[in-house]
Every structure is written in structure tokens, then in C-alpha cells.
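J.: Have a look; sequence and predicted model below, questions after that.
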Amino acid sequence: MTLYQPFLDYAIALLQERLNLQPYPIPTGFESKQATVGKGKHQEEVLTTSYAYQSPKLRQIRAAHVQGGNSLQVLNFVIFPHLNYDLPFFGADLVTLPGGHLIALDMQPLFRDDLDYQAKYTQPILPIFQTHQQHLPWGGDFPEEAQPFFSPAFLWTRPQQTEVVETHVFAAFKDYLQAYLDFVDQAQPVTNSKYLAEIEQAQLRYLRYRAEKDPARGMFTRFYGTEWTEEYIHGFLFDLERKLTSAIK
């Protein structure tokens, strides 16, 4: 079972079609990682594969795809803009566990409560959100500390049927990604030094939160150990801080 492979294939094909896509370096040892979990007839091979690209306006487009049989399928797909654009992040967390599916899709804002920012990046996608919300109802409680990092068009749902993921979730993923790339097309570089500093701080706030609270940390640690996991999170999945530090040296 590779539930999210079609999502990944679609995203990469669309990015290649619409962007001047270039490879983004994946640190050695993180392109692919395998582990055997469980015992006896419950034994499963778990494969984690990484993908990364960049484009003139997008600093890092990256995916972590975890395949571990019917009871574990994960695709974490995030786009980080360059620091001289005020674009939101594109975030898709698609998780299948023994208890069901956890789906989070959003264009995660740099400045959630700024009305001008909402008008620019949230209002245009609310109709897409409302269309898909009919089939993908709200998934329930969400941590309060996470709320500043999600937009009013945040699609958070817990479908029970795999068929819903293959149809309605896939349709929402396509629409959100296409709309995001429309924003990328229109984006103009920011030149105001005060705004550029605010963008950098907002990106770092988001990355620090995501790296600190990464829900996959426990899973990866169990499969691959602490050292590999922490390096994967800070050196690849959420690497901006490292990149900025190395640029200063």
C-alpha cells in the first residue's frame, strides 16, 4: 500500500510543469532510510524517502514520504518561500495510522492576524476551503499554541474511509497546490528592509515551532534513533536556521 504516492507524483509533475524547478541538496544519509519494526507476522518494513527541489521564488520544496504497510502511511509536503517574498508556506500533512487518517492542508500564513495579509493570501482561497469542507468536516480539537501558524482556510479533517482520502482529500490537495502556485506566479520581491526583517522573523518562528513540536519525532526516533531523527528535523525538514547560520560564518 502506497496511499500517498499519487499525491507526491501529482505534486512533482505540477511543480515541474509550472516552475523552473531545480534540485535542492538533501544531506547525505537522508535520501532514503529503512527500518524493520514489529516481530513475527506483525513485522513490517518501514521506508522513509526524501525529495527536495527549489525554484527562483521558493527556497525549499520538500517531502518526507513514509511507507510502512497498511497501518502507517505518511506524506509531509512543505514549501518554504525565499525570504524576500511574503508568500505563505504550503503545508500538507497526510497521515494514516491504525486508528484512521489525519489530514491537514493549508497555506500557512506569515502574519495570520494582519488583515491586509489575509486579504492577499487567505480570502482568495476561502471558496476552495468551503467547497472541500463539505466533504471533509473539521477534525476536532487543535492545539491552541499551533493556531497562529494556520490560516482561516486550514483544512483539518479525520476521514474514516481510505476512499475519502483517495478522492476528496486528493482533490483538495490538488486545488490547494494549484492555488498556491498561482500566488507564486503573482509574487513580487519585497524590498522594504523593515518588512524583510519581519518576514525572516516570521519564517524562523514557524520553523522553530514546527521543529520543536514535530509530531513525527517519536515515530522517527523509534525507527531510526535519536541522532538520525534530530539531524533529519534540523538539517533537512526545517533547515532555515542552519542555512542562515552557515551564511553568516
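T.: Yep, it's here.
J.: list the buried ones in stretch 128-148?
T.: For stretch 128-148, the neighbour count (16 or more other CB atoms under 10 Å) marks Ile128, Phe129, His132, Gln133, Leu136, Gly139 as buried. Where you see a C-beta, it was placed from the backbone N, CA and C, and this is true even at glycine.
J.: May I have that stretch exported as PDB, CA atoms only?
T.: Extracted in PDB, the C-alpha atoms of stretch 128-148 (Å, rounded to 0.1, in the frame of the first residue of the first chain):
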ATOM      1  CA  ILE A 128     -11.700  26.400  -2.200                       C
ATOM      2  CA  PHE A 129     -11.800  25.600   1.500                       C
ATOM      3  CA  GLN A 130     -15.600  25.900   1.700                       C
ATOM      4  CA  THR A 131     -16.000  23.600  -1.300                       C
ATOM      5  CA  HIS A 132     -13.900  20.800   0.200                       C
ATOM      6  CA  GLN A 133     -15.100  21.300   3.800                       C
ATOM      7  CA  GLN A 134     -18.500  19.900   2.700                       C
ATOM      8  CA  HIS A 135     -16.800  16.500   2.200                       C
ATOM      9  CA  LEU A 136     -14.100  16.900   4.800                       C
ATOM     10  CA  PRO A 137     -15.600  18.200   8.100                       C
ATOM     11  CA  TRP A 138     -13.500  19.800  10.900                       C
ATOM     12  CA  GLY A 139     -11.300  17.200  12.600                       C
ATOM     13  CA  GLY A 140     -11.800  18.500  16.200                       C
ATOM     14  CA  ASP A 141      -9.500  19.900  18.800                       C
ATOM     15  CA  PHE A 142      -6.300  21.500  17.600                       C
ATOM     16  CA  PRO A 143      -3.600  22.800  20.000                       C
ATOM     17  CA  GLU A 144      -4.100  26.400  20.900                       C
ATOM     18  CA  GLU A 145      -0.300  27.100  20.600                       C
ATOM     19  CA  ALA A 146      -0.500  26.000  16.900                       C
ATOM     20  CA  GLN A 147      -3.300  28.300  15.900                       C
ATOM     21  CA  PRO A 148      -1.100  31.300  15.000                       C
END
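J.: Show me the contact partners of that stretch.
T.: 102-103, 112-113, 150, 152-159, 164, 168-169, 171-172, 175-176, 179, 209, 213 (CB atoms under 8 Å, 6 or more residues apart in numbering).
J.: now do 6 Å
T.: With contacts defined as CB atoms under 6 Å, 6 or more residues apart in numbering, stretch 128-148 is touched by Arg112, Ala153, Trp156, Thr157, Arg158, His168, Ala172, Asp175, Ala179.
J.: that older thread, show me which pair in the buried residues of stretch 128-148 is furthest apart.
T.: Greatest spatial distance among those (CB to CB): Ile128 and Gly139, at 17.6 Å.
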